[in-house]
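Visitor: The following block contains a protein sequence and its predicted model.
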Amino acid sequence: MKVGDLVAIFNPKYPESIGLGIYLGRGSRGTMRLMDEFLYAFWYNGRIATFDSPYWKFEVIYENR
């Protein structure tokens, strides 16, 4: 995944995507998890959201060039 890619976000337990997001890079949560290698940040549902990579799967729909 590269910054700007359009990505489908999946819960691995279910076959359907929960939605689409634009990949923004590595993410942070609070002051304890700054630029955490396991957090992926997306523009999702009108806000910046982070997803833990072990618990979510991602599929690139459209690559930013």
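Guide: Thanks, I have the structure now.
Visitor: Packing partners of the lowest-mean-pLDDT helix or strand in the chain?
Guide: Using mean pLDDT, DSSP states H and E, the weakest-scoring helix or strand in the chain turns out to be strand 33-44, at a mean of 81. Applying 3 or more C-beta pairs under 8 Å, 6 or more residues apart in numbering; DSSP states H and E, we find strand 33-44 packed against strand 6-10, strand 17-29, strand 47-52. C-beta here means a position set from N, CA and C on the backbone, and glycine is covered the same way.
Visitor: Just the buried positions in it, please.
Guide: By 16 or more other C-beta atoms under 10 Å, the buried positions in strand 33-44 come out as 36, 39-42, 44.
Visitor: still on that earlier bit, could I get the helices and strands packed on strand 33-44 as a markdown table with distance to F58?
Guide: A markdown table is the format used below for the helices and strands packed on strand 33-44 (distance: least, C-beta to C-beta, whole Å):
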| stretch | distance to F58 |
| --- | --- |
| strand 6-10 | 5 |
| strand 17-29 | 8 |
| strand 47-52 | 8 |
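Visitor: Out of those, which is the most enclosed?
Guide: strand 6-10 (a mean of 18; mean count of other C-beta atoms under 10 Å).
Visitor: Packing partners of that strand?
Guide: For strand 6-10, the contact count by 3+ C-beta pairs under 8 Å, 6+ apart identifies strand 17-29, strand 33-44, strand 57-62 as packing neighbours.
Visitor: so how many other residues sit close to Y55?
Guide: Y55 has 10 neighbouring residues, counting by other C-beta atoms under 10 Å.
Visitor: And for the one 10 residues further on?
Guide: When neighbours are counted by other C-beta under 10 Å, R65 registers 6.
Visitor: contacting residues for it?
Guide: If you count contacts by C-beta atoms under 8 Å, 6 or more residues apart in numbering, R65 has none.
Visitor: what does K57 give?
Guide: Listed by C-beta under 8 Å, 6+ apart, the contact partners of K57 are 9-12.
Visitor: least trustworthy position among the residues you listed, going by pLDDT?
Guide: Ranked by pLDDT, the contacts of K57 bottom out at P12 (89).
Visitor: any idea whether it is helix, strand or coil?
Guide: Of the three states, P12 takes coil under DSSP: H, G, I helix; E, B strand; the rest coil.
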